[in-house]
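K.L.:
Any chance you can model this:
(2 chains, ligands or ions: 3)
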Amino acid sequence: MKQVFSRPASLKDVQTHFCPGCHHGTIHRLVAEAMDEFGIRDRTIGCASVGCSVFLYGYFDIDVVESPHGRAPAVATGVKRARPDTIVFTYQGDGDLAAIGTSEIIHAANRGEDITVIFVNNTTYGMTGGQMAPTTMPGQKTSTSPYGRDIKNDGAPFKMAELLSNLDGVAYSARVAVNSPKNVIQAKKAVKTAFRYQLEGRGFSFIEALAACPTNWGMNPLPANQRVGDEMIPYFPLGTYKNTENL
Amino acid sequence: MSERLFIKGNEAVAMAAIEAGVRCYFGYPITPQSDIPEYLSRELPKTGGTFIQVESEIGAINMVLGASAAGVRAMTSSSGPGISLKQEGISYMAGSELPGVIVDIMRAGPGLGGIDASQADYFQATRGGGHGGYRIIVLAPGSVQEMYDLTMLAFDLSDQWRIPALVLADSVLGQMKESLVANPRPKADLPPKEWAVRGRGEGMQQNIVKSLYLGDGEMEKFHWKMHARYQELAEKECRWEEVQTADAELIVTAFGSTARIASTAVAMAREAGMKVGLLRPITLFPFPKQAYAALSEHCKHFLDIELSTGQMVDDVRLSVARDADVAFYGRPPGAGSLPTPEELFEQIRKVYP
Ligand SMILES: Cc1ncc(C[n+]2csc(CCOP(=O)(O)OP(=O)(O)O)c2C)c(N)n1
Ligand code: SF4
Ligand SMILES: [Mg+2]
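P.N.:
Ligands and ions are numbered 1, 2, ... in the order given. Now for the predicted structure:
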């Protein structure tokens, strides 16, 4: 019988700690598939962040550096400048990248660092128990916005894919989701484009992946998946915000 | 062949870094250390190295972390406010057993303080500075020549022990010009960086650089391992200088630029017929306890002098024999706070037995 589906070689054969219905696992897989398909696993270095994806080294069979909270783009800059022949990516949550790490992400993007950033936006601080994130949606209740996010008090959610696309150093910026087979296929394409741009030395590539965090949303996996399509996508539209392919 | 140069302490640091084979420098401007990034922005690219003026000291130290994790020699430099910002990264580097060199040209503080010479960051430097309980190697140069030599040593020690190394100087040492012999990089037998991330390579083991230890007992084990390493470091790498201590009745002790002024005062005391010696620690961590212990066997009077209200004096008191007396004279940092040799001579006269 022909095997049509298997674990990507870049992923280890282990159980993950992710909650049922969490989208981190799917996004890990897309990154691993891209590495496999480009044949770059052996020269790729991952920069883990602080959040539910901190165990990057436990799941990806690649060299990994752990970064302080929010600093992965600076760590990745150091790695890439030290070893320009490697492929370097960061994998960061929304609290990590869009709150404590805003300075590092914006400046790495602006310098056009030849790295790929995988940004997982689940509108909350997953690891610490569901507090308000910079991407928490207006009115969304979290453990530190018990009355719902109040734009007047907390500001509006960051739209990072759009924001970064305005910087000259950014070669590619796209927002994807993994809540449906169609969106997964689109997301895979975008992740591959982001890595290909790095392989071609085009500069900074950025993927924002909308993701479900059923546990901290207080939802079952299916309704949480549903929420991505019903609430998040209308507010955080999918699409390519910057593409320098034909420049 | 070594030539004789007449240059600033900060430039000596930068030259030494290049001689030591630094591949990446990441920094942010702050007085009184900006000559270091200025020099390296000009000279490092010529050697194929990377210079980045980073958006903040936080970014800079994390780039050092990344480059060092990738196995190359990397460095940053700053002063008080910037060194405070780097503490997060230094803690992560210590926790990840990463080498890397940090240069701290101390200025007055706390807060914005001022740009005058200070030694008030002794505690921050020697106690680890960041969270979690760790130590870093701290080298205290006393001349432009030592700014050069100890910067090269910092790279070697850091690589050897997999502990970040800090060169702790002050604005006097950074800004003053002296003659310097640009010695070639010393030969050092260093272990290969097998732990570095390079891309795992075909059929090779995955390398992970991290400080997260969640397994049962793992973190405790890490602490005891590092504790043992710090002890071994203390046994093997303490460095200090003694001047006329053999017959001394009083030993003056000071580090860095203060020791320079103190040595003049010690010479004045000798002229005046007093048996006074000088003990200058060169490694502040590990602290040369053994030198104090040995000298205090026969000399019972010490005078510790610092540009602060007293920090190293704690280590001196912990190191001398129990029946030895340690007096203290401090000039906290700020404009006009640098003591004169006459002033220190007066202090020697006061406490001389
Ligand atoms: C300096 C610092 N502050 C706070 C924390 C605690 N902390 C750990 S993970 C995290 C938030 C993670 O949220 P996010 O980046 O959105 O990742 P997710 O878990 O949602 O994937 C925080 C605040 C920390 N580790 N370090
Ligand atoms: S807490 Fe949320 S982000 Fe973290 S593993 Fe669970 S579902 Fe995923
Ligand atoms: Mg999150």
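
K.L.:
Torsion angles phi and psi at the residue in the stretch 101-250 of chain B that ligand 2 sits nearest to?
P.N.:
Minimum separation of the stretch 101-250 of chain B from ligand 2 (Cβ to the nearest ligand atom) falls at B:Leu214, amounting to 14.9 Å. Backbone N, C-alpha and C define where each C-beta goes, glycine included. Phi and psi for B:Leu214, reported as degrees, to the nearest 10, are phi -110, psi -10.

K.L.:
Nearest residue to B:Thr264 in space, please, no chain neighbours.
P.N.:
Sequence neighbours aside, B:Pro341 is the residue nearest to B:Thr264 in space, at 3.9 Å (criterion: Cβ to Cβ, 6 or more residues apart in numbering or on different chains).

K.L.:
re earlier: check the burial of the residue of the stretch 101-250 of chain B closest to ligand 2 by counting its neighbours.
P.N.:
Counted with other Cβ atoms under 10 Å in any protein chain shown, the neighbours of B:Leu214 add up to 8.

K.L.:
That one and B:His131, how far apart?
P.N.:
17 Å (Cβ to Cβ, to the nearest Å).

K.L.:
For chain A, what lies in contact range of ligand 2?
P.N.:
A:Phe18, A:Cys19, A:Cys22, A:His24, A:Cys52, A:Asn122, A:Gly126, A:Met127, A:Cys213, A:Pro214, A:Thr215, A:Asn216 (Cβ under 6 Å from any ligand atom).

K.L.:
Going by distance to A:Pro237, which of the residues you listed wins?
P.N.:
A:Asn122 (17.0 Å; Cβ to Cβ).

K.L.:
So what's the gap between the host helix or strand of A:Arg81 and the chain middle?
P.N.:
Element membership for A:Arg81, per DSSP states H and E: helix A:72-82. Centroid separation between helix A:72-82 and its chain, computed with Cα atoms, centre = their mean, to the nearest Å, is 17 Å.

K.L.:
got the angle for the helix or strand that comes right after it vs helix A:72-82?
P.N.:
Of the helices and strands lying after helix A:72-82 in sequence (DSSP H and E), the nearest is strand A:87-93. Going by axes from the mean of the first three to the mean of the last three Cα atoms, to 10 degrees, strand A:87-93 is angled at 170 degrees with respect to helix A:72-82.

K.L.:
hmm, back to that, how far away is the residue of the stretch 101-250 of chain B closest to ligand 2 from ligand 3?
P.N.:
B:Leu214 sits 20 Å away from ligand 3 when distances are taken as Cβ to the ion, to the nearest Å.

K.L.:
Which segments of chain B make up each domain?
P.N.:
Listed domain ranges for chain B are B:4-181, B:241-351 (source: automatic domain parsing).

K.L.:
The first one vs ligand 1: in contact?
P.N.:
By that I understand domain B:4-181. No. Remark: domain B:4-181 sits outside contact range of ligand 1, by Cβ under 6 Å from any ligand atom, the gap being at least 6.9 Å.

K.L.:
anything in that domain near chain A?
P.N.:
Yes. Domain B:4-181 reaches chain A (Cβ under 8 Å from any Cβ of the partner chain) through B:23-24, B:26, B:50, B:52, B:54-56, B:58-60, B:62-72, B:74, B:88-89, B:92, B:96.

K.L.:
so where's the chain shaky on pLDDT?
P.N.:
I went with chain A, as the question did not name one. Nowhere does chain A drop to pLDDT under 70.

K.L.:
Correction: the question concerned chain B.
P.N.:
B:1-2.

K.L.:
any idea which helix is longest in it?
P.N.:
For chain B, the longest helix by residue count, based on DSSP state H, is helix B:218-237.

K.L.:
same for the following helix or strand past that helix, what does it pack against?
P.N.:
Per DSSP H and E, the first helix or strand lying C-terminal to helix B:218-237 is strand B:240-243. Using 3 or more Cβ pairs under 8 Å, 6 or more residues apart in numbering or on different chains; DSSP states H and E as the contact test, the elements touching strand B:240-243 are strand B:276-281, helix B:289-295.

K.L.:
can you do 7 Å?
P.N.:
Here strand B:240-243 touches strand B:276-281, going by 3 or more Cβ pairs under 7 Å, 6 or more residues apart in numbering or on different chains; DSSP states H and E.

K.L.:
Name the next helix or strand following the strand it packs on along the chain.
P.N.:
strand B:283-285.

K.L.:
How far does that next one sit from its chain's centre?
P.N.:
Relative to its chain's centre, strand B:283-285 lies at 7 Å (Cα atoms, centre = their mean).

K.L.:
Touching, A:Leu11 and A:Phe60? I think so.
P.N.:
Yes. The criterion here is Cβ atoms under 7 Å, and A:Leu11 meets it with A:Phe60 at 6.4 Å.

K.L.:
Among those two, which residue is more densely surrounded?
P.N.:
The residue with more neighbours, out of A:Leu11 and A:Phe60, is A:Phe60; 24 against 21, by other Cβ under 10 Å.

K.L.:
can you tell me which residues contact that one?
P.N.:
A:Phe60 is in contact with A:Ser10, A:Leu11, A:Ala32, A:Gly46, counting by Cβ atoms under 7 Å, 6 or more residues apart in numbering or on different chains.

K.L.:
Could you measure from the residue of chain B most remote from its centre over to A:Asp61?
P.N.:
Residue farthest from the centre of chain B, counting by Cα atoms, centre = their mean, is B:Gly203 at 40.8 Å. Taking Cβ to Cβ as the measure, B:Gly203 and A:Asp61 are separated by 12 Å.

K.L.:
before we move on, the earlier item: out of the residues of domain B:4-181 next to chain A, which are inside strands?
P.N.:
Of the positions in those, B:Cys24, B:Phe26, B:Thr50, B:Ile52, B:Ala74 sit in strands, assigned by DSSP state E.

K.L.:
Quick check: of these, which lies closest to A:Lys80?
P.N.:
Proximity to A:Lys80 was ranked across those by Cβ to Cβ; first place goes to B:Thr50, at 9.7 Å.

K.L.:
Show residues contacting stretch A:137-152.
P.N.:
A:Thr123, A:Thr124, A:Gly129, A:Gly130, A:Gln131, A:Met132, A:Thr136, A:Asp154, A:Ala156, A:Pro157, A:Glu231, A:Tyr235.

K.L.:
how long is that stretch end to end?
P.N.:
Stretch A:137-152 has its terminal residues 13 Å apart, counting by Cα to Cα, to the nearest Å.

K.L.:
buried set for it?
P.N.:
Applying a neighbour-count criterion of 16 or more other Cβ atoms under 10 Å in any protein chain shown, one finds A:Met137, A:Gln140, A:Thr142, A:Thr144, A:Ser145, A:Arg149 buried in stretch A:137-152.

K.L.:
Could you name the helices and strands sitting against the biggest helix by length in chain A?
P.N.:
The helix that spans the most residues within chain A, counting by DSSP H, is helix A:181-199. With contacts taken as 3+ Cβ pairs under 7 Å, 6+ apart, helix A:181-199 sits against helix A:24-38, strand A:87-93, strand A:116-121, strand A:170-177, strand A:204-210.

K.L.:
Could you dump those into CSV and include mean neighbour count?
P.N.:
Shown next, in CSV, are those (neighbours: other Cβ atoms under 10 Å in any protein chain shown):
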stretch, mean neighbour count
helix A:24-38, 21
strand A:87-93, 29
strand A:116-121, 27
strand A:170-177, 26
strand A:204-210, 28
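
K.L.:
returning to what we had before: measure how the longest helix of chain A sits relative to strand A:204-210, angle-wise.
P.N.:
Using the same axes, to 10 degrees: helix A:181-199 against strand A:204-210 is 160 degrees.

K.L.:
how near is whichever residue of chain B sits closest to ligand 3 to B:Arg107?
P.N.:
Nearest residue of chain B to ligand 3: B:Leu212, at 17.9 Å (Cβ to the ion). Noted for B:Leu212: a distance of 34 Å to B:Arg107, by Cβ to Cβ.
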